[in-house]
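Enquirer: let's see this in three dimensions:
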Amino acid sequence: IVLCLQPNLSRDLLMDDNQYYFIYRDIQKECSKFGTITNILFPRGNEGYPDSATGKIYVQYGDLVSAIAAYNMLQGRNFNDRPIEIQFYDYTCFQSNTLY
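Expert: Next comes the predicted model:
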């Protein structure tokens with residue numbers, strides 16, 4: 001089960017290595033409170049993914065219960081004074097690295 005978090009981050013923030021890794025670790029720590037994370041993808045614009053995937057954070061959980069708990073607790077929270085949008089993401093697309 002995969003969640004797509006959209007914290008609306010600027011490209012400049014994503015290109016700053018220190019900021020990028022801080023955000024990555026922060027998201028990993030927060031999301032792991034709800035269950036086992038099996039993978040995280042966090043495109044920053046230089047990996048060959050489409051621009052529409054840049055700045056989104058894809059979090060794969062090991063089970064549906066954990067993903068639902070994370071969705072319910074994180075939806076509407078703020079990051080950098082902006083609300084985080086969350087949606088469930090197509091598992092097949094995620095597995096094939098088709099991010100949008």
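Enquirer: ok, now which ones touch the spatially closest residue to residue 70 that is not a sequence neighbour?
Expert: Excluding the flanking residues, the one nearest residue 70 by CB to CB, 6 or more residues apart in numbering is residue 34, at 4.0 Å. The way it works is simple: take the backbone N, C-alpha and C, and place the C-beta from them, glycine included. The neighbourhood of residue 34, defined by CB atoms under 8 Å, 6 or more residues apart in numbering, consists of 61, 66-67, 69-70, 73.
Enquirer: same question, residue 41
Expert: Here residue 41 is in contact with 57-58, 94, 97, 99 (criterion: CB under 8 Å, 6+ apart).
Enquirer: sorry, back to before: report the two of the contacts of residue 34 separated the most.
Expert: The span of the contacts of residue 34, defined through CB to CB, is set by 61 and 73 at 12.7 Å.
Enquirer: how near is the spatially most central residue of the chain to residue 98?
Expert: Centroid-nearest residue in the chain: residue 57, 1.9 Å away (criterion: CA atoms, centre = their mean). The gap separating residue 57 from residue 98 is 16 Å, by CB to CB, to the nearest Å.
Enquirer: then residue 31?
Expert: Counting by CB to CB, the gap from residue 31 to residue 98 is 22 Å.
Enquirer: likewise residue 39?
Expert: Distance from residue 39 to residue 98, by CB to CB: 14 Å.
Enquirer: check residue 3 too.
Expert: 16 Å.
Enquirer: cool, residue 60 as well?
Expert: From residue 60 to residue 98 the distance is 14 Å (CB to CB).
Enquirer: likewise residue 9?
Expert: Distance from residue 9 to residue 98, counting by CB to CB: 21 Å.
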